[in-house]
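Trainee: build the 3D model from these lines:
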Amino acid sequence: MKKLFLLSLAVVITAGAMAQESYRRWRKMNQVRLDKFDLILPEVMRENKIDMWIIMCREGNFDPMYFELGEGYVHHNGYYIFTDVGKPRIERAALGIDGYLLEETKAFDYFGSEDELREFVTTRDPQRIGLNLSKDIGSADGMSFTGRNELAAILGPKYESRFVSAEKLFSDFRSRHVASELVIFGEAGDYSYQIAERALSNEIITPGVTTLADVAWWMKEQLHKNNLQSSFGMPSIYITGPNGIEATSNDRIIKRGDILMLDWGVGYLHM
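Mentor: Now for the predicted structure:
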């Protein structure tokens, strides 16, 4: 009975620590969101002469900005809408998107139904409506063809004629960083460094036994253990020499004297 109690206590402590880490990460990401909405969004909307930015999500098909805007439960169609109403602060609304996580951000002024979209837009009468449509920037091309047509049908020809690509606005918003983002970027770099340092050490590599693929798979496992992401499908672990790269993340066994090189990095809180 004593062993069972200690095991239960350990599980509770572990679960509590995991919950604290999840909340810590959410809080940090939300601070970035609030800072960017307050400091970056007004200047980039005005520089790009966009009065209203509509970011559309569909159930099961979210815009690439979904995570950084606060997530939320998307109904049939959902819209994050940012409107320059002539004040220092950009108005922020979510129509057809709700839920605990999004509402707890305190980043949005208004939550409503997707059925309110036409009235919401006509009341504000924006002259230029930015949509995430882009030929050159994949992550700025989140609106589907059918989504764009449905939006046009809802708002009518008058407002459809005011649709413009928001790719430059999107790029400016993402590329201009606030101080809270730079802190996260430093943490992402530290995670990358720690994992790479261990991966290329005797802790993981036994010369004559360990393969390049063994090292790469170990690094991928660290992503899962630390709840991290990466833009690399597989870490690129190279053996290089006078003739260039000889092998990459395959069954080549690492030998004494090999020169190892890697190309890889973690994704942490959208950095």
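Trainee: only C-alpha atoms from now on, for both contacts and neighbour counts.
Mentor: OK.
Trainee: surely D84 meets P42?
Mentor: Yes - using C-alpha atoms under 8 Å, D84 makes contact with P42 at a distance of 7.5 Å.
Trainee: what sits in contact with each of those two?
Mentor: Common neighbours of D84 and P42 (criterion: C-alpha atoms under 8 Å, 6 or more residues apart in numbering): I90.
Trainee: which pLDDT value belongs to S22?
Mentor: The model reports S22 with a pLDDT of 88.
Trainee: and the gap between it and D136?
Mentor: 35 Å (C-alpha to C-alpha, to the nearest Å).
Trainee: of those two, give the one with the bigger neighbour count.
Mentor: S22 (12 against 9; other C-alpha atoms under 10 Å).
Trainee: that one: which element?
Mentor: Following DSSP states H and E, one finds S22 within helix 2-35.
Trainee: beyond that helix, next helix or strand please.
Mentor: Next along from helix 2-35, by DSSP H and E: helix 41-47.
Trainee: so what's the residue count around N202?
Mentor: 9.
Trainee: quick one: low-confidence residue ranges for the protein.
Mentor: 1-18 (pLDDT under 70).
Trainee: all helices for it, in order.
Mentor: Along the chain, the segments classed as helices by DSSP state H run 2-35, 41-47, 66-69, 100-104, 117-124, 145-155, 157-160, 167-175, 179-199, 212-225.
Trainee: okay, those in JSON lines with distance to I90 next?
Mentor: Below are those laid out as JSON lines (distance: least, C-alpha to C-alpha, whole Å):
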{"stretch": "helix 2-35", "distance to I90": "12"}
{"stretch": "helix 41-47", "distance to I90": "6"}
{"stretch": "helix 66-69", "distance to I90": "14"}
{"stretch": "helix 100-104", "distance to I90": "17"}
{"stretch": "helix 117-124", "distance to I90": "13"}
{"stretch": "helix 145-155", "distance to I90": "21"}
{"stretch": "helix 157-160", "distance to I90": "20"}
{"stretch": "helix 167-175", "distance to I90": "13"}
{"stretch": "helix 179-199", "distance to I90": "20"}
{"stretch": "helix 212-225", "distance to I90": "36"}
